[in-house]
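Novice: I'll drop the sequence and a predicted model, then ask my questions.
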Amino acid sequence: MIVIDPASAVPPFEQLRAQLAQQILDHTLVVGTRLPTIRRLAADLGLAANTVGRAYRELEEAGLIETRRAAGSFVSAAGENARAQAHRAAADYAAVIARTGIGADEALRIVGAALGHRAAPTLTN
Amino acid sequence: MPTVSPRGDRKPPDELERARLWLAGHGLGEIPPTAALARRLAVRQSCRLAGSLLLAGFILAVALVYTVSNDPATDPSGPSLPPSASLLLLTAVVAGLVAVQALLDRRVRRIDRQVAAALPRRAAHPVRVGWRAVLGRPRAALVAGTFAGAAALTAGALTSADPGVRYGAAVVLIALCGVAAVVLVQLRHVLTRPAVADDEASLTADVILRIEDARETATPTMVWCLPWYLPTAAAPGTAFGWWTVSWIVLIVVGAVVLVAANLADHRRGGLAAAHRERLVNP
C-alpha cells in the first residue's frame, strides 16, 4: 500500500518515491511487477500527474523501475542485479580482509572512508 | 438519531449498521464501519435499485414497441406503426437507457469524489489493479461470450425468410447494442475510477466495492431476457425452434460459468481473500 499524507513536511513526490523504492528493495514489489499508470496512480492518490511522473522518473534513474513505452512501468531487474553485485563485492572484500589480517573495526573504517570518498563528488554536484 | 462510529463519523445508525454487516459479510468484521463507506454503500444501493427499475422499464418499452409495430398484413386487427418509425422509437429507447444509466454512474462517481475529497490522506495499491484482478477471467469470458453468442444467434435470425422473424431479430439486435453500450460504459467506469481509501482497511473495502460493481455489471441477466420478443421464441415448435433451444443453451452455459466462478471465489475464502490472491498473481 502507498499512503500520501498532504500534511507531511515531506513533498508528495518524495513520499511516493520513497515508499515505492522501499517496497522494491524489500521485495514487496518483485521484479516484473507492473506499476499503475501515472494517470491512474495520480487519480488514486489525489496528486497531479506531474508529481507521480517525477517520482517515477527518479525511480527510473535509480534503476529500480523501467518504462516500456506501450506496456507501462515495471519493477526492474537492474536494482536486483546491483544488490547482488554489492553482495559479491562485500564477500570478496571480507576475504581480502581475512587474508591480510586487518581487524574488523579497521575494515569497516576503510569501507566508510571509501563510501564517503565516493559519495562526496555526488553531493557537491 | 445519529450515532458516532468508532472513527468519529456521524451517520444514521441504519447506514452504519448496513456497512458493518457488509464488512462482516466479506470477512472484514474486524474493520469498524465508517460514514464514508456507509455513504458509498447507500448510493450504490439506491443506484442499483434505480438501475433494476430502468432495465425493467427498458424490457417493457422494447415489448411495447414490438407490440405496437405488428405487421398489419399478418395481424390487421392489432395496432400498427411503420417499421422505420418503430425502429427509430426503439433506438430512442436504447439511447434513453444509456443516458439514464450514465447519469446513475455519474451520481456514484460524484459521491465517491466527495468522499475522497474529505479524506485526510490518500492510499493506493502500488501494483496495477487491472480487469483480471477486478473482474476475473471467468466473468470476462462470460460477458464476452454471452454478447458474442447472442449477437451470432440474432444475426442468424436476421437471415430468416420470415419478415416477422427478421423484424424481431432487428429489435433484439438494437436492444443488444444498447445493453452492450451500457455494460461497456459501466465496466470502464468501474475499472478506471480512482481508489477512495486512506488506509489498508478502506483500500480493501474499496477494491471489494469495485469487484462487486464489476460483477453486477458483468452478469448478463439483461441479455438472457432479451430474445423473448422474437415471435419464434413465443411459438416453440416452429421451424425456428432451434433458435429458442440455442438461446436456452446459451443461458444454461452462462449460468453454469457464473455459479462455478462464484464457487471458486467462495473456496478461496471470499472476495477479500480472492482479491489478495489476484494482486499477488494477477
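Specialist: Cool, the structure landed.

Novice: tell me the backbone dihedrals of the residue lying farthest from the centre of chain A, please.
Specialist: Seen from the C-alpha centroid of chain A, the residue lying at the greatest distance (CA atoms, centre = their mean) is A:G101, 33.9 Å away. Backbone geometry at A:G101, expressed as degrees, to the nearest 10, gives phi 80, psi 20.

Novice: list the contacts of A:I38.
Specialist: Residues near A:I38 by CB atoms under 8 Å, 6 or more residues apart in numbering or on different chains: A:49, A:52-53, A:56, A:73. Every residue, glycine included, has its C-beta placed from N, CA and C.

Novice: next one: it from B:R122, what distance?
Specialist: Distance, A:I38 to B:R122, by CB to CB, to the nearest Å: 15 Å.

Novice: B:I59 too?
Specialist: Taken as CB to CB, the span from B:I59 to B:R122 is 41 Å.

Novice: so who does B:V207 touch?
Specialist: B:125, B:129, B:133-134, B:195, B:275 are the contacts of B:V207 under CB under 8 Å, 6+ apart.

Novice: near chain A, from those?
Specialist: B:125, B:129, B:195 (CB under 8 Å from any CB of the partner chain).

Novice: longest helix anywhere in the chain?
Specialist: This is for chain A. Using DSSP state H, we find that the single longest helix of chain A is helix A:78-100.

Novice: that's the other chain; I wanted chain B
Specialist: helix B:83-118.

Novice: for B:V252, helix, strand, or coil?
Specialist: helix (DSSP: H, G, I helix; E, B strand; the rest coil).

Novice: can you list the residues of chain A near chain B?
Specialist: Taking CB under 8 Å from any CB as the contact definition, chain A meets chain B at A:1-7, A:19-20, A:23, A:28-29, A:33-37, A:40-41, A:43-47, A:72.

Novice: buried subset of those residues, written for PyMOL?
Specialist: In PyMOL, this line selects whichever of the residues of chain A next to chain B come out buried by 16 or more other CB atoms under 10 Å in any protein chain shown:
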select buried, chain A and resi 2+3+4+19+20+23+29+33+34+35+36+37+40+41+43+44+45+46+47
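
Novice: filter the residues of chain A next to chain B down to just the ones in strands.
Specialist: A:2-4, A:72 (DSSP state E).

Novice: now for these, which pair is the farthest apart?
Specialist: With CB to CB as the measure, no two of those lie farther apart than A:V3 and A:G72, at 22.2 Å.

Novice: so which strand or helix has B:W242?
Specialist: In this assignment (DSSP states H and E), B:W242 forms part of helix B:241-267.

Novice: that helix packs against which elements?
Specialist: helix B:137-158, helix B:221-225, helix B:231-234 (3 or more CB pairs under 8 Å, 6 or more residues apart in numbering or on different chains; DSSP states H and E).
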